[in-house]
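Undergrad: I need the structure of the sequence given here:
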Amino acid sequence: MNFRTPHPFPPVILDDVRGAQKMLSGVARVTAMEGSRHLSELVGAPVHFKCENLQRTGSFKLRGAYVRIAGLSPVERAAGVVAASAGNHAQGVALASALLGVRATVFMPIGAPLPKVAATREYGAQVRLHGQVVDETLAAAQEYAQETGAVFIHPFDHPDIIAGQGTVGLEILEQCPEVRTIVVGIGGGGLAAGIAVAVKAVRPDVRIVGVQAAGAACYPPSLAAGHPVAIDGLQTMADGIKVGRPGDVPFGLVQELVDEVRTVSEAELSSALLLCLERAKLVVEPAGVSPVAALLSDPRSFRGPVVALLSGGNVDPLLMQRILTHGMASAGRYLSLRVRLTDRPGALAALLASLSVADANVLDIGHVRTDPRLGLTEVEVELHLETKGPAHCEEVTAALRQAGYEVTD
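TA: Model (predicted):
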């Protein structure tokens, strides 16, 4: 999807990003670039991961937060800063404030992952929980700023934030000068806008592809309308890009410089997270794997070499457990079925022996004896199995039926 309108006075230019890069020297890490053999084979060209999940605070957000706060006047610093975030921007603001000696208050959604809340407090910020989504939390933080005089540090809608995030783009060009496509997740748009500003100024031939979760995709309707449009009913596990309205400043830059915006499903996000963990040995949060999900969904549509930006690695262990289960199911690694047996000693043991021969691992098992559809001497066994993939699921089911069992899904 590409809707471009010339932007007469860009709020951020390459010199701003280069200035931010100098400011961040010794503060933000130059994160690693790692190759992915599996994705390279799927795409048919080299694919690299830009690992901002290994950045200080676990995401790229420190970059923009530090540049924004460092640019405040002494009077503004004395008033303190306030921010709103689902977690990554919160930690970035908290650490940047601590490094610069500025008092920070951070509003976070009530359901924000506990590790992100704890880390934000440990960096020295005062945390206040408010609202169910980031947009509600933003409103509360802005109200606090008006009441107290604290400077509001927006997570994406400010030129300094965009310039700071754009330093990721400069690093990509330095680490992978042959890059032809950069894939980046989009929430409010600050990261994608910053990268696009930096990269397009130096290499206008590089294609920038933004990715949103389908359940929180505010950019497609906004680009179609030609201005930021708010959407409701956000539903996605990718809390880092769960934003209901594009930022005014990044929207213009995304509209002008980003070549395409795609969406990915929750199943695709789960599969991408599982791939990063299993194949790349990288812990990445759902928002951070959105570029990988886009590559997996349509690998041959990307011109290589490709750089996929892993924007963050802060994920609640409980959420990770649920996501991995979802990802395993999406990848066909789980098989649930029901088998009808004669209710006699040894029948279950014989069934399990057949599963053992088929090399299927039993995760859970249950018996149903009270279903009126069952005969007097019958029992139905419900099985949840771990398999090696879709082909193995078919093999297991076929093996059971060949052994004489009546199998239903």
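Undergrad: wait, what's in contact with the spatially closest residue to residue 300 that is not a sequence neighbour?
TA: Distances taken as CB to CB, 6 or more residues apart in numbering put residue 44 closest to residue 300, at 6.4 Å, once the chain neighbours are dropped. Every residue, glycine included, has its C-beta placed from N, CA and C. Contacts for residue 44 (CB atoms under 8 Å, 6 or more residues apart in numbering) come out as 299-300, 304.
Undergrad: Before we move on, what's the pLDDT of residue 44?
TA: On the pLDDT scale, residue 44 is placed at 96.
Undergrad: Tell me how far it lies from residue 271.
TA: 19 Å (CB to CB, to the nearest Å).
Undergrad: ditto for residue 77
TA: 45 Å.
Undergrad: again with residue 346
TA: From residue 346 to residue 271 the distance is 40 Å (CB to CB).
Undergrad: Check residue 99 too.
TA: Taken as CB to CB, the span from residue 99 to residue 271 is 37 Å.
Undergrad: if we can go back for a sec, flag the least confident of the contacts of residue 44.
TA: For those, the weakest pLDDT value sits at residue 304, with 90.
Undergrad: Select the helix or strand of the protein having the lowest average pLDDT value.
TA: For the chain, using mean pLDDT, DSSP states H and E, the weakest element among its helices and strands is helix 317-330, scoring a mean of 72.
Undergrad: right, and the secondary structure at residue 182 would be what?
TA: strand (DSSP: H, G, I helix; E, B strand; the rest coil).
Undergrad: who's in contact with it?
TA: 169, 172, 195, 199, 206-209, 306-307, 309.
Undergrad: Flag the shaky bits of this structure, pLDDT-wise.
TA: The model of the chain has pLDDT under 70 over residues 1-9, 326-327, 330-331, 369, 371-372, 374-377, 409.
Undergrad: Centroid-nearest residue for it?
TA: Residue closest to the average C-alpha location in the chain (CA atoms, centre = their mean): residue 287, at 1.1 Å.
Undergrad: how much space is there between the closest residue to residue 286 other than its chain neighbours and residue 160?
TA: Sequence neighbours aside, residue 238 is the residue nearest to residue 286 in space, at 3.9 Å (criterion: CB to CB, 6+ apart). Look at residue 238 and residue 160: by CB to CB, they are 25 Å apart.
Undergrad: go on, residue 32?
TA: 26 Å.
Undergrad: Quick one: the strands in the chain, in order.
TA: Secondary structure of the chain by DSSP state E: the strands cover 33-35, 47-51, 81-84, 104-108, 126-129, 151-153, 181-185, 207-213, 260-264, 306-310, 334-342, 361-368, 378-386, 406-408.
Undergrad: okay, those strands in a markdown table with distance to residue 279 next?
TA: Below are these laid out as a markdown table (distance: least, CB to CB, whole Å):
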| stretch | distance to residue 279 |
| --- | --- |
| strand 33-35 | 11 |
| strand 47-51 | 10 |
| strand 81-84 | 35 |
| strand 104-108 | 32 |
| strand 126-129 | 35 |
| strand 151-153 | 36 |
| strand 181-185 | 17 |
| strand 207-213 | 19 |
| strand 260-264 | 18 |
| strand 306-310 | 13 |
| strand 334-342 | 19 |
| strand 361-368 | 21 |
| strand 378-386 | 18 |
| strand 406-408 | 32 |
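Undergrad: To residue 328, which of these lies closest?
TA: strand 334-342 (5.5 Å; CB to CB).
Undergrad: Give me the distance between residue 209 and residue 14.
TA: 20 Å.
Undergrad: Give me the nearest residue to residue 50, chain neighbours excluded.
TA: residue 309 (4.7 Å).
Undergrad: Now for the one you found, how many residues are close by?
TA: 28 (other CB atoms under 10 Å).
Undergrad: Also residue 192?
TA: 34.
Undergrad: what's the spacing between it and residue 145?
TA: Residue 192 sits at a distance of 26 Å from residue 145 (criterion: CB to CB).
Undergrad: mind listing the helices in the stretch 151-300 of the chain by residue range?
TA: 159-175, 190-202, 219-225, 248-257, 266-278, 290-297 (DSSP state H, counting those that start in this stretch).
Undergrad: Can you add distance to residue 26 and give those back as a markdown table?
TA: Output for the helices of the stretch 151-300 of the chain, formatted as a markdown table (distance: least, CB to CB, whole Å):
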| stretch | distance to residue 26 |
| --- | --- |
| helix 159-175 | 13 |
| helix 190-202 | 20 |
| helix 219-225 | 34 |
| helix 248-257 | 27 |
| helix 266-278 | 29 |
| helix 290-297 | 28 |
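Undergrad: quick one, what contacts residue 142?
TA: 84, 152.
Undergrad: so how far is residue 322 from it?
TA: Residue 142 sits 32 Å away from residue 322, going by CB to CB.
Undergrad: same question, residue 222
TA: Residue 222 is 30 Å from residue 322, by CB to CB.
Undergrad: For these two, indicate the residue with more neighbours.
TA: A direct count of neighbours by other CB under 10 Å for residue 222 and residue 322 places residue 222 higher, at 22 against 12.
Undergrad: Next up, the contacts around that one.
TA: 228-229, 245-246, 251.
Undergrad: repeat that with 7 Å
TA: 228-229, 246, 251 (CB atoms under 7 Å, 6 or more residues apart in numbering).
Undergrad: For it, which non-adjacent residue is spatially closest?
TA: residue 229 (4.4 Å).
Undergrad: That neighbour - how many residues pack around it?
TA: 17.
Undergrad: Residue 98 too?
TA: Other residues lying near residue 98 total 15 when counted by other CB under 10 Å.
Undergrad: try residue 343
TA: 16.
Undergrad: That one contacts residue 379, correct?
TA: Yes: with contacts counted by CB atoms under 7 Å, residue 343 reaches residue 379, the gap being 4.2 Å.
Undergrad: mind checking how far residue 315 is from residue 289?
TA: For residue 315, the distance to residue 289 (CB to CB) stands at 10 Å.
Undergrad: one step back: ok, now which ones touch the residue nearest to residue 286?
TA: 213, 269, 286-287, 290.
Undergrad: Just the buried ones out of the residues you listed, please.
TA: 213, 269, 286-287, 290 (16 or more other CB atoms under 10 Å).
Undergrad: tally of neighbours for the nearest residue to residue 265 once chain neighbours are set aside?
TA: Of all residues not flanking residue 265 in the chain, residue 214 sits nearest, at 5.4 Å (CB to CB, 6+ apart). Residue 214: 15 surrounding residues under other CB under 10 Å.
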